[in-house]
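1. Give me coordinates for this.
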Amino acid sequence: MTAGPQHAPGRPVRYAVGLPNVGEFGDQRVLLDLAVAAEQHGWDGVHLWDHLLYHQPDWPVTSPFAAAASIAAVTSKLHVILTVNLPRRQVQDVAQDTAAIQSLSGGRLTIVTIIGSMDREYTEFGLDPDLRARGRALDVRLQQLAGLWSAWRVPSTPIWCGGRWPSKPGMRRAARHDGAMLTFADQREHNVPLAEFAAAASFTGGLAPRPIDIAVEGATSGPADAVVLLPYAQAGMTWWIEALGWWRGGVSAAVARIPLGPPSA
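-> Numbers count the residues shown, from 1 in each chain. Presented below is the predicted three-dimensional model:
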């Protein structure tokens with residue numbers, strides 16, 4: 001481990017709206033409209049989920065790759081942060097699609113690779129749901145992804161890795177790449193306690209050989225909440241993801257929250 005965290009506390013924080021791809025949000029038109037509004041109202045990015053199914057079987061589910069491509073095509077500054085459940089996808093398709101979206105966006109794509117939170121998204125399609133098997137598959141596919149981008153002579157896309165603190169494998173994986181998407185228990189009920197975030201950020205950044213991005217999700221009310229997030233920035237946060245979803249009032253609440261702008265000074 002290196003001496004001290006390598007997440008560069010004090011770096012300017014950027015702000016994204018976080019959008020599910022299920023339920024009310026499982027509609028390409030909804031995701032596109034919300035992303036366009038985010039760019040118009042000063043947000044730096046949009047973060048998209050990646051689910052094939054969800055706990056409610058009657059909920060619609062839409063493609064985050066299609067959403068990312070459409071958002072890239074109609075925006076000019078907005079950064080697209082695309083979650084990719086890589087162990088259940090064909091790596092050659094992911095390599096091809098991300099290269100195309102990166103080109104379309106002019107370099108505004110980052111992917112967040114995860115092993116997924118739902119066993120059913122594996123078992124119902126004949127895939128191994130074992131967590132260790134998914135972790136091994138993710139590591140293999142990450143190497144293959146980089147190899148394909150290199151062989152095709154396309155620009156590499158920044159890779160963040162997701163992880164649920166205090167579990168360590170996702171954090172170690174993130175430290176070998178470009179960033180970490182840190183998640184925590186009960187984060188939809190309340191923002192993660194500062195001490196818990198700081199411990200996760202310090203552990204992850206401390207393993208990294210160079211500065212990496214540290215992203216965390218939560219809820220704010222508007223620009224005035226910048227003071228609330230300052231300690232998180234000082235602890236290493238570089239991206240704040242404003243998590244919008246059914247638990248915050250659904251699409252109508254997202255439509256109301258986005259125009260208020262990010263929680264930045």
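
2. A146: which element?
-> Under DSSP states H and E, the secondary-structure element containing A146 is helix 131-151.

3. From the chain's centroid, how far away is that helix?
-> Distance of helix 131-151 from the chain centroid (Cα atoms, centre = their mean, to the nearest Å) equals 18 Å.

4. Which other helices and strands does that helix contact?
-> Using 3 or more Cβ pairs under 8 Å, 6 or more residues apart in numbering; DSSP states H and E as the contact test, the elements touching helix 131-151 are helix 91-105, strand 109-114, helix 169-175. C-beta: built from backbone N, CA, C; applies to glycine.

5. my read is A185 is in a helix, agree?
-> No: A185 is assigned coil when assessed by DSSP: H, G, I helix; E, B strand; the rest coil, not a helix.

6. wait, what's in contact with it?
-> By Cβ atoms under 8 Å, 6 or more residues apart in numbering, A185 lies in contact with R164.

7. where does the chain dip in pLDDT?
-> Scanning the chain with the threshold set as pLDDT under 70 gives 1-10, 265.

8. Show me where it has its helices.
-> Secondary structure of the chain, counting by DSSP state H: helices at 28-40, 64-74, 91-105, 120-123, 131-151, 169-175, 194-207, 226-234, 250-257.

9. Can you give me the buried ones in the third one?
-> Applying a neighbour-count criterion of 16 or more other Cβ atoms under 10 Å, one finds V91, V94, A95, D97, T98, A99, A100, I101, Q102, L104, S105 buried in helix 91-105.

10. And the contacts of it?
-> The contact list for helix 91-105 (Cβ under 8 Å, 6+ apart) reads 65, 68-69, 72-73, 75, 80, 82, 84, 86, 108-109, 111, 141, 144-145, 148-149, 152, 154-155, 157.

11. Then the last one?
-> Contacts with helix 250-257, where a contact means Cβ under 8 Å, 6+ apart, come from V17, L19, G23, E24, F25, V30, L34, A37, S221, E242, L244, R248.

12. could you list every residue that touches the first one?
-> Applying Cβ under 8 Å, 6+ apart, we find V17 in contact with L34, A35, A38, W43, G45, V46, H47, I241, E242, L244, A254, I258.

13. looking at it, the second one is touching A72, isn't it?
-> No: here A35 lies out of contact with A72, judged by Cβ atoms under 8 Å, at a distance of 9.5 Å.

14. closest to A137 among the contacts of helix 250-257?
-> Using Cβ to Cβ, L19 comes nearest to A137 of the contacts of helix 250-257, at 26.2 Å.

15. what about the closest one, neighbour count?
-> Number of residues near L19 (other Cβ atoms under 10 Å) recorded here: 26.

16. can you tell me how far it sits from P129?
-> Distance of L19 to P129, computed by Cβ to Cβ, to the nearest Å: 26 Å.

17. Give the buried residues for the helix holding A146.
-> Neighbour-count burial for helix 131-151 flags R134, A137, L138, D139, R141, L142, L145, L148, W149 (criterion: 16+ other Cβ under 10 Å).

18. TSV for the residues you listed, including distance to L182?
-> Formatted as TSV, the buried residues of helix 131-151 follow (distance: Cβ to Cβ, whole Å):
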residue	distance to L182
R134	19
A137	22
L138	17
D139	19
R141	21
L142	18
L145	22
L148	28
W149	25
